[in-house]
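[1] The sequence and its predicted three-dimensional model are supplied below.
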Amino acid sequence: MTAVLEIAGLVRRFGGLTATDNVSLTVMPGEIHALIGPNGAGKSTLINQICGELRPDAGAVRLMGRDITAATVPERVALGLGRTFQVTSLLDEMTVRANIGMAVAAREGRTFRLWDRLAGRASVWAEADALLRGTALEPRAAVVVRDLSHGEKKQLELLVALARRPAVLLLDEPMAGLGHAESQEMIGRLAEVGRTTPMLLVEHDMDAVFALATRVSVLVYGRIIAQGSPDAIRNDPAVREAYLGAEDELA
Ligand code: ADP
Ligand code: MG
């Protein structure tokens, strides 16, 4: 079976600091692979190298067997690499529905300038509505993004990412800043999405990680110190050691 996403030996230095030190991992079809690790471990640096915002000093990124190490961010998106942002990338003055419609249209290679013409296209709206159906945002379809809560924006980001029909999704802390009920809602959504879209999930919320992940990698000081099933990771002495002082997080 070919990995949907394969990272091989990624190295990235900032001056004297090696933020990712020969990191390798795969995301297989059907997998939700969680990447955990203390603050400063190099998780965001790794995600940024995968999505093309940061050049690695060594190593390779492959998407469905194809080397994309030298590809630009838009090229990677077009090839099926999806992501959500820690800082929201939504269009503030547009409605929930229009944000999703824009992403559907963008997938078809239309440019922003064609939006006026696209707005009349029933297929774009039909697809946007299908993505919204059954979600907590459905009754909020006509609300402009500026008026959404933080949690609603996070949910919308996920729908916008899905509108591009990614082959794999990179999620950098999708639970960040969410309240308990919103987190539960997001976990439910991600579990559902994970049935069709494999993911690499960077997350601090251990409840979410252990509820969702099929496999977990633990990054500490730029290195993967353990990789395995959620149960194996929870009971790994080296992992517990790395989280010392925050042991209850893994309880
Ligand atoms: P995490 O996401 O796991 O908290 P980061 O990837 O943000 O960790 O950071 C890993 C290490 O690299 C940290 O020590 C951080 O200070 C450093 N770092 C991250 N980005 C930069 C940068 N642009 N310039 C210099 N150092 C950086
Ligand atoms: Mg980070």
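    Nice, I can see it. Numbering: from 1, shown residues only. Ligands and ions are numbered 1, 2, ... in the order given.

[2] what sits against residue 104?
    Listed by CB atoms under 8 Å, 6 or more residues apart in numbering, the contact set of residue 104 reads 124, 127, 128, 131, 163. C-beta here means a position set from N, CA and C on the backbone, and glycine is covered the same way.

[3] so where's this protein shaky on pLDDT?
    Applying pLDDT under 70 to the chain flags the ranges 85-88, 109-120, 244-251.

[4] need the residues of it near ligand 2, please.
    Within the chain, the positions adjacent to ligand 2 are 43, 44 by CB under 5 Å from the ion.

[5] dump the residue contacts of residue 48.
    residue 54.

[6] Which strand or helix spans it?
    helix 43-51 (DSSP states H and E).

[7] Report whether that helix contacts ligand 1.
    Yes: legend: contact between helix 43-51 and ligand 1 by CB under 6 Å from any ligand atom is shown at 43, 44, 45.

[8] since we're on the second one, how many residues are nearby?
    A count of neighbours around residue 44, defined by other CB atoms under 10 Å, yields 16.

[9] Would you list the phi and psi of residue 231?
    phi -70, psi -40 (degrees, to the nearest 10).

[10] can you tell me how far it sits from ligand 1?
    23 Å (CB to the nearest ligand atom, to the nearest Å).

[11] who touches that residue in this structure?
    Going by CB under 8 Å, 6+ apart, the list of residues near residue 231 is empty.

[12] wait, residue 174 sits on residue 187?
    No: assessed by CB atoms under 8 Å, residue 174 is found out of contact with residue 187, at 9.2 Å.

[13] if you count what's nearby, which of those two comes out ahead?
    Neighbour totals were compared for residue 174 and residue 187, and residue 174 leads with 26 against 20 (other CB under 10 Å).

[14] Let's verify residue 158: helix, strand, or coil?
    Following DSSP: H, G, I helix; E, B strand; the rest coil, the label given to residue 158 is helix.

[15] sorry, back to before: buried ones in the helix holding residue 48, by neighbour count?
    43, 44, 45, 46, 47, 48, 49, 50, 51 (16 or more other CB atoms under 10 Å).

[16] just checking, the first one touches residue 201?
    To tie it back to what came earlier, the one meant is residue 43. No: Residue 43 lies out of contact with residue 201 (CB under 8 Å); the separation is 10.4 Å.

[17] Touching both of the two, which residues are there?
    residue 35.

[18] quick one: the helices in the stretch 1-150 of the chain?
    43-51, 73-79, 96-107, 115-118, 122-132, 150-163 (DSSP state H, counting those that start in this stretch).

[19] before we move on, the earlier item: quick one: which of the buried residues of helix 43-51 is nearest ligand 2?
    Comparing the buried residues of helix 43-51 against ligand 2 with CB to the ion places residue 44 closest, at 3.2 Å.

[20] Neighbour-wise, give me the winner out of the contacts of residue 104.
    Going by other CB under 10 Å, residue 128 tops the contacts of residue 104 with 25 neighbours.

[21] Need the phi and psi values for residue 213.
    phi -70, psi 140.

[22] Contacts only, for it.
    32, 33, 34, 201, 230.

[23] separation between it and ligand 1?
    For residue 213, the distance to ligand 1 - CB to the nearest ligand atom - is 17 Å.

[24] Disregarding flanking residues, what is the spatial nearest neighbour of that residue?
    Of all residues not flanking residue 213 in the chain, residue 34 sits nearest, at 3.7 Å (CB to CB, 6 or more residues apart in numbering).

[25] what's the neighbour count on that neighbour?
    Residue 34: 24 surrounding residues under other CB under 10 Å.

[26] does it have beta-bridge partners, and which?
    Residues in a beta bridge with residue 34, per DSSP bridges, are residue 201, residue 216.
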